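K.L.:
with the sequence up front, the predicted model follows.
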Amino acid sequence: QVQLLESGGGMVHSGGSLRLSCAISGSSYNPDAMGWFRQAPGKGREFVATTSARGFGPYYLDAVKDRFFISRDDAKRTVYLQMNSLKPEDSAVYFCAVGRNPHTVAASYEYLGQGVQVTVSS
């Protein structure tokens, strides 16, 4: 059974940085697409970034371009999200997602993590 283990969330001041990690465990599953979504209170789930092992992308939400950077280590089956210049509007629960094809819709992925809280204070 595939499990996604997320870490790295927390609370920072505006302008700060955080690095999220998401490791796959539980099987030999090696996804092509690995990505991140987020959901703020009272809002829907929002695409943040995704990357493909086949070389497509990476793709980013416009609001995070040049501030957030997605990377992956396929040997460790881990995807990372480096978040710089954080803003209060980046506060949300962040979820990693893995699947066969990179997509901006969470339902298109095969597995979704439990989420980690990111809070940015002004």
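P.N.:
Looks like it came in fine. Residues are numbered from 1 along each chain as shown.
K.L.:
from now on I want contacts and neighbour counts done on CA atoms only, so please keep to that.
P.N.:
Noted.
K.L.:
right, and the helix or strand after the host helix or strand of V93?
P.N.:
According to DSSP states H and E, V93 maps onto strand 92-99. Per DSSP H and E, the first helix or strand lying C-terminal to strand 92-99 is strand 111-112.
K.L.:
per-residue confidence averaged over the helix or strand that that following strand is followed by?
P.N.:
Following strand 111-112 in sequence order, the next helix or strand is strand 116-121 (DSSP H and E). Mean pLDDT, strand 116-121: 98.
K.L.:
now stretch 50-65
P.N.:
Average pLDDT, stretch 50-65: 95.
K.L.:
and what of stretch 26-46?
P.N.:
Mean per-residue pLDDT for stretch 26-46: 94.
K.L.:
span of that stretch from start to end?
P.N.:
Using Cα to Cα, to the nearest Å, the end-to-end distance of stretch 26-46 comes to 27 Å.
K.L.:
quick check: buried residues in stretch 112-122?
P.N.:
L112, G113, G115, V116, Q117, V118, T119, V120, S121 (16 or more other Cα atoms under 10 Å).
K.L.:
in TSV: those, plus distance to N84.
P.N.:
TSV is the format used below for the buried residues of stretch 112-122 (distance: Cα to Cα, whole Å):
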residue	distance to N84
L112	23
G113	22
G115	19
V116	17
Q117	16
V118	12
T119	13
V120	11
S121	14
